[in-house]
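> All I have is the shape, not the residue letters:
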C-alpha cells in the first residue's frame, strides 16, 4: 500500500481500520436504535432480539455480515447498567466484566 507521499491514503493496517469503522457503526446502532440504519437492519435480521444477540441469518447482506462479524470488538468493552433488571439475562449477559485485575468488591485482607 502506498503512503501519502506516494499517492496513497496512508492507511498501513487497512484491515484493522475497517474493523474499527464497522465496530463504530455497531456501537452507533446500540446507542441510537431509532436511527434509520438500525431500524432497517433490526426489521430484517433481528426483529425479536437485540443487536448483540442477533443471529447472522440465512441470507445476510454484505453490510449486515460485516457488522455482525465485529460485534466481538464492541462486546469486549460492553457491560450492563442493571437499572430495573428486566432486560438483563443474569447468567448470559456480561454485566460484570471479566477483566484482569478487576474486582467488583475489594475487601481489605
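Ah, there it is. All of these numbers come straight from a predicted model, not from anything done at the bench.
> Which helix runs longest in the protein?
What stands out as the longest helix in the chain, according to DSSP state H, is helix 14-31.
> now for that one, which elements pack on it?
Where contact means 3 or more Cβ pairs under 8 Å, 6 or more residues apart in numbering; DSSP states H and E, helix 14-31 is packed against helix 36-45, helix 62-69, helix 71-75. Heads up, the C-betas are built off the backbone N, CA and C, glycines and all.
> at 6 Å what do you get?
helix 62-69, helix 71-75 (3 or more Cβ pairs under 6 Å, 6 or more residues apart in numbering; DSSP states H and E).
> Out of those, flag the one nearest residue 82.
Among these, helix 71-75 comes nearest to residue 82, with 17.5 Å by Cβ to Cβ.
> hang on, the earlier thing: for the longest helix of the chain, which residues meet the burial criterion?
By neighbour count on 16 or more other Cβ atoms under 10 Å, the buried set for helix 14-31 is 19, 22, 23, 25, 26, 27, 29.
> distance between it and the chain's centre?
Per Cα atoms, centre = their mean, to the nearest Å, the displacement of helix 14-31 from the mean C-alpha position of its chain is 7 Å.
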